[in-house]
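>>> build me a model from this:
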Amino acid sequence: MHLPLLQDLVVIMGFSIVVVFLLNRLKIPSILGFLFTGVLIGPHALSLVKAVEQVEIISEIGVILLLFVIGMELSIKQLMSIRKTVFIGGSFQVGITLLVASSIAYSLDFPLNEAIFIGFLFSLSSTAIVLKLFQDRNEINTPHGKNALAILIFQDLIVVPMMLLAPIMSGQSDDIGGSILELIIKTSIVIVITIVSARYLVPKLMHIIAKTESKELFLLTTFAICFAVAFLTSEAGLSLALGAFLAGLIISESEYSHQATSSILPFRELFTSLFFISVGMLLNLTYFINNILFVLLLVASVFVVKSMIAGLAVAVLKYPARTVIITGVSLFQVGEFAFILSKVGIEYDLLSPEMNQLFLSVSILSMLLTPFIIILSEKIAFGILKIRFLDKILETKKPETQVIDDEIENHLIIIGFGINGSNLVKAAQYMNIPYLVVELNAETVREQKKNGIPIMYGDATQDHILESLNLTTARALVIAISDPKATKTILSNVRTMSQSIYTIVRTRYVKEIEELHALGADEVIPEEFETSIEIFTRVLHNFLIPQEDIENFINSLRSDNYSLFQKKATFPRAYRLPEIPDFNIISLKVNKDTSKIIRKTIGDLDIRNQYGINILSIKRKEDFINIVKPSEKICRGDVLFVQGKQENIETFSKLIH
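Predicted structure coming up:
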């Protein structure tokens, strides 16, 4: 039996593998490879795919799963915790972009409803591409990474109301007020059902399913919730995308959301790749080539306008100029959800086929340019800041250069008030060490000033900020931020101003140590290996390795800049695990009230011979029995410290648990 769709899927996957592999060698995101694959094999190029409509239907599953996972990763609690950044920055960016794009379209004689819809399309950016690039560059926790994430979250949320407004804007409803009221009522009902399901129904259901310990049943239930909620919202006149997102939020409130996400992710990646390929197949290459100059002009205009507006959205949140610029240029592209929205626009005659081709040309080209723009974003920011009048305009908040004590000296400078910075402050306070803190988040600065922390707002990559911290009279400086490029810039500037100050740098990866030392860091602390050191320290303790040997091993690692883990090394004999005796010591609590064990003496039970274990100590309530005699009885609630082979301990534990 011949299946045309199966043949098309083979062609799609075969070309995707080749294209994505080649682009991966060039360190270009796979999403762009999928777009290029779609353009290449689509009906307007090689025309290798025949069942285009069927591929598009399958790709819609990718959209559902994409929104479903976004909902699971966000959760209602997380939305509330970052609501200020999401709703203020996001609404500013979407609102102003919508206003500007709609005004331009209206001035070009587009009807008002079509102009507004065009504004909808151009107000959205690419969550998938931007976040993927930031993750690859370890910038997701930087100020510009967090701000971009917040704005993208708002865009992902607002696209659903945009879809729901399309039929009203197209004039298919005679009673606009009634349609809007009906929309609000339906949405309110759905939200109430979502909250009730998230709080009471789904957590209990997922708990029952998880107790079966069946991975297949758990996966099937997760898919069922996703598609069932999406189907119900669609039947209610809302959108599949809204239903999928709400289904994700419902599961996110349960303790099983992480497992559900990991189960869905492989399927999401597969179907999402089909979505981007189907988008690429929509591009008419003939139209693109014939109008290439106009398309390039529009892309340049979109880059300038959207970058400025996204930057202003971050400026409203009182971030410094460098963060404003990098965030702005990172969000200039038109995103994947705009493609979904464009299909709705065509369905309701809000977008003509020709206008859709122009939109596709601009959006796909902007997405293809995004990786290169983000790579160059740091240089773009510093280039703009060198222009004096722009530097003045972009100074969103004049740094507070007055510190608590202008004559402070022999002090500690802490750059960044995150987890590391705040803990360092506590240590400095405890030890009565004078210190100053500089932080980019204006809200954090305001809150900590109320707590009496000597903290100032500013971007430490700027020389005048370092000067205001009395750098030349300071004794030590710690860079505790999550932005690798900013860290290097700060370190370079510090060494230009002072060669004597003792500098400690926090970084994420061991591979960055050498470069940071070359820039002048006295100490570099890589988080990934400090975490691993803590893990294997506890493991070695469990294997009863002497404390002195563990400390010697750790010191040898640190003194050699962790190079033991970067090359094949011969470790001391004490760490060859096969030579460690099978000497497990585990604590077991007596929970069962069984006549086989309870209130019988250890001598009568003959535990050593019967079960192959030794009882070393007993904790009874608050007392410890360290010398266990054969006449000692075992009571319910006792904690037994036993030693023996792992399998023998497991057998004994079943009797008392």
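
>>> now do the buried residues in stretch 460-474.
Buried residues in stretch 460-474, counted by 16 or more other C-beta atoms under 10 Å: 460, 461, 462, 465, 466, 468, 469, 470, 471, 474. Bear in mind the C-beta positions are built from the backbone N, C-alpha and C, glycine included.

>>> from the chain's centroid, how far away is it?
32 Å (C-alpha atoms, centre = their mean, to the nearest Å).

>>> looking at the buried residues of stretch 460-474, which are in helices?
Counting by DSSP state H, those place 465, 466, 468 in helices.

>>> what sits closest to the first one if chain neighbours are left out?
To tie it back to what came earlier, the one meant is residue 465. In space, residue 465 comes closest to residue 458 once its chain neighbours are excluded; the distance is 4.0 Å by C-beta to C-beta, 6 or more residues apart in numbering.

>>> separation between that neighbour and residue 215?
51 Å (C-beta to C-beta, to the nearest Å).

>>> same deal with residue 350?
Counting by C-beta to C-beta - residue 350 and residue 215 are separated by 44 Å.

>>> so between those two, which is more surrounded?
When residue 350 and residue 215 are compared for neighbours, residue 350 comes out ahead with 25 against 10, by other C-beta atoms under 10 Å.

>>> surely the more buried one is in contact with residue 168?
No: assessed by C-beta atoms under 8 Å, residue 350 is found out of contact with residue 168, at 10.7 Å.

>>> could you redo the ones in helices among the buried residues of stretch 460-474 as JSON lines and give each row distance to residue 450?
Listed next are these as JSON lines, based on distance: C-beta to C-beta, whole Å:
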{"residue": "465", "distance to residue 450": "22"}
{"residue": "466", "distance to residue 450": "25"}
{"residue": "468", "distance to residue 450": "21"}
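
>>> after the lowest-mean-pLDDT helix or strand in the chain, next one along is what?
Least confident element among the helices and strands of the chain, by mean pLDDT, DSSP states H and E: helix 388-394 (a mean of 57). Following helix 388-394 in sequence order, the next helix or strand is strand 412-415 (DSSP states H and E).

>>> tell me the mean pLDDT for that next one?
The average pLDDT for strand 412-415 rounds to 93.

>>> that one pairs with which strands, parallel or anti?
strand 435-439 (parallel), strand 476-479 (parallel) (DSSP bridges).

>>> got the contact list for the longest one?
Same thing as strand 435-439. Outside strand 435-439, the residues that touch it by C-beta atoms under 8 Å, 6 or more residues apart in numbering are 403-404, 408, 411-417, 421, 424-425, 428, 445, 448, 453-458, 460, 465, 469-470, 474.

>>> let's see that with 6 Å instead.
403, 411-415, 417, 428, 445, 454-456, 458, 460, 469 (C-beta atoms under 6 Å, 6 or more residues apart in numbering).

>>> now the strands paired with strand 412-415 as a markdown table including mean neighbour count?
A markdown table is the format used below for the strands paired with strand 412-415 (neighbours: other C-beta atoms under 10 Å):
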| stretch | mean neighbour count |
| --- | --- |
| strand 435-439 | 24 |
| strand 476-479 | 23 |
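
>>> just so I know, which of those lies nearest residue 277?
Nearest of the strands paired with strand 412-415 to residue 277, taken as C-beta to C-beta: strand 476-479 at 43.0 Å.

>>> ok now the closest one, how far from the chain's centre?
27 Å.

>>> let me know the average pLDDT across that strand.
On average, strand 476-479 scores 93.

>>> state the helix or strand in which the closest residue to residue 143 other than its chain neighbours lies.
Nearest non-adjacent residue to residue 143, counting by C-beta to C-beta, 6+ apart: residue 323, 4.6 Å away. Assigned by DSSP H and E, residue 323 falls within helix 321-330.

>>> and that helix, what does it pack onto?
helix 143-169, helix 292-316, helix 377-385 (3 or more C-beta pairs under 6 Å, 6 or more residues apart in numbering; DSSP states H and E).

>>> mind listing the helices for the stretch 51-200 of the chain?
If DSSP state H, counting those that start in this stretch is used as the criterion, the helices of the stretch 51-200 of the chain fall at 52-81, 83-84, 90-107, 112-122, 127-136, 143-169, 176-196.

>>> show me what the mean pLDDT comes to for the second one.
Put plainly, it is helix 83-84. Computed over helix 83-84, the average pLDDT equals 76.

>>> that helix: how far from the chain's middle?
17 Å.

>>> just stretch 106-113 next, same as before
39 Å.

>>> what does that stretch rub up against?
115, 169.

>>> end-to-end on stretch 597-616?
Start and end residues of stretch 597-616 are separated by 17 Å (C-alpha to C-alpha, to the nearest Å).

>>> kindly report the same for stretch 44-53.
First residue to last in stretch 44-53 (C-alpha to C-alpha) measures 14 Å.

>>> re the thing from before, right, and the helices and strands packed on helix 321-330 - which one's nearest residue 626?
helix 143-169 (52.2 Å).

>>> which positions within the closest one qualify as buried?
143-160, 162-169.

>>> in this structure residue 219 contacts residue 262, no?
No: the pair residue 219 / residue 262 is not scored as a contact, 10.2 Å apart, by C-beta atoms under 6 Å.

>>> related to what we said a few turns ago, how about the strands paired with strand 412-415, which one is nearest residue 20?
Comparing these by C-beta to C-beta, strand 476-479 comes nearest, at 36.7 Å.

>>> dump the ones in helices among the buried residues of stretch 460-474 to TSV, plus distance to residue 21 and pLDDT.
Formatted as TSV, these follow (distance: C-beta to C-beta, whole Å; pLDDT from 0 to 100):
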residue	distance to residue 21	pLDDT
465	45	85
466	45	87
468	51	84
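
>>> which one of these is nearest residue 432?
residue 468 (23.4 Å).

>>> now do that closest one against residue 474, distance only.
For residue 468, the distance to residue 474 - C-beta to C-beta - is 12 Å.

>>> before we move on, what about residue 17?
From residue 17 to residue 474 the distance is 55 Å (C-beta to C-beta).

>>> with residue 170 instead?
64 Å.

>>> got the buried residues for stretch 649-657?
For stretch 649-657, using 16+ other C-beta under 10 Å, the buried residues are 649, 652, 653, 656.

>>> who touches that stretch?
586, 588, 590, 591, 592, 597, 611, 613.

>>> which residues touch the second one?
Residue 588 makes contacts with 640, 653, as judged by C-beta under 6 Å, 6+ apart.
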